[in-house]
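> using only what follows, build the 3D model:
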Amino acid sequence: MSSEAGQFWIMRDPLRCSGCRLCEVACSLHHEGTVWPEASRIRVYEPAPGVDVPHLCSQCDDYPCVKACNFDALRVDEKTAAVLVDPEKCTLCGACVVACPGRVPRIVPGKSHVLICDLCGGDPECVKACNRAGYNALTLVPRKPSPLHKLYADHPLETARRLAPHIFGERQVV
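The predicted model follows:
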């Protein structure tokens, strides 16, 4: 699915995530030209055994990261609605990380700018890798204003707290 048909958003189903991290590999290969999961724009967190949480930009309706940037290094792509980073303007100050409800923008040693999912121009490699593997934990869906964006922007530990009872029963493990 490409962005030519409109703006899209990556919906995540952590209950389907196996923790294989193929999404991280596909992302880093696409953006970095090598397998470098630390520089992937999607990360899979495992706060507790068996609780895998895919985490990436949720494209919040109000884009707090973009608003927090004092250097105009972040902007919203009109075609895809993804947050784009201008490496020449980014100072790695971290204001976008602090402003993001899920702390999604990443500062990675060896990179001169923050890393945020750019939706691969509308054809996300992570979604393709996840679906080719048969997990279907990532789905590209049409973007519509929704409170779900903020829910998906939660920190992975918060998501894990909500998931644990579904995975392990009512007993709280996280």
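> buried residues in the longest helix along the chain?
The residue-count maximum for a helix in the chain (DSSP state H) belongs to helix 156-168. Across helix 156-168, burial judged by 16 or more other CB atoms under 10 Å covers 156, 158-161, 163-164, 167. The C-beta positions use only the backbone N, C-alpha and C, and glycine is treated the same way.
> and the residues you listed, which is closest to Gly33?
Gly33 lies nearest to Pro156 out of those, by CB to CB, at 26.8 Å.
> and that closest one, what does it touch?
By CB atoms under 8 Å, 6 or more residues apart in numbering, the contact list for Pro156 reads 43, 45, 47, 53, 55, 102.
> Arg21 now?
Here Arg21 is in contact with 37, 44 (CB under 8 Å, 6+ apart).
> begin at 858 from now on, thanks
Sounds good: first residue 858 from here, last item Arg878.
> spatially central residue in the chain, please.
Closest to where the C-alpha atoms of the chain average out (CA atoms, centre = their mean) is Leu913, at 0.9 Å.
> if you rank every helix and strand of this protein by mean pLDDT, what lands last?
helix 1005-1009 (a mean of 68; mean pLDDT, DSSP states H and E).
> now do the residue lying closest to the residue nearest to the centre of the chain once chain neighbours are set aside, the pLDDT please.
Distances taken as CB to CB, 6 or more residues apart in numbering place Ile899 nearest to Leu913, at 4.1 Å, with adjacent residues excluded. pLDDT recorded at Ile899 is 97.
> do Ile1024 as well
At Ile1024, pLDDT is 76.
> repeat that for the one 4 residues further on.
According to the per-residue confidence, Arg1028 scores 56 in pLDDT.
> which residues in this structure form strands?
Listed in chain order, the strands of the chain (DSSP state E) span 865-869, 900-905, 908-912, 931-933, 940-942, 995-999.
> can you map out the helices along the protein?
Taking DSSP H, the helices of the chain run over residues 879-889, 921-925, 952-956, 982-989, 1005-1009, 1013-1025.
> dump the last one to PDB, keeping only the CA atoms.
The C-alpha trace of helix 1013-1025 is given here as PDB (Å, rounded to 0.1, in the frame of the first residue of the first chain):
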ATOM      1  CA  PRO A1013       5.900   0.700  26.100                       C
ATOM      2  CA  LEU A1014       5.700   0.000  29.800                       C
ATOM      3  CA  GLU A1015       2.200   1.500  30.000                       C
ATOM      4  CA  THR A1016       1.200  -0.600  27.100                       C
ATOM      5  CA  ALA A1017       2.700  -3.700  28.700                       C
ATOM      6  CA  ARG A1018       0.700  -3.000  31.900                       C
ATOM      7  CA  ARG A1019      -2.500  -3.100  29.900                       C
ATOM      8  CA  LEU A1020      -1.500  -6.200  28.000                       C
ATOM      9  CA  ALA A1021      -0.200  -8.400  30.800                       C
ATOM     10  CA  PRO A1022      -3.600  -9.300  32.100                       C
ATOM     11  CA  HIS A1023      -4.700 -10.400  28.600                       C
ATOM     12  CA  ILE A1024      -1.500 -12.500  28.200                       C
ATOM     13  CA  PHE A1025      -1.100 -13.900  31.700                       C
END
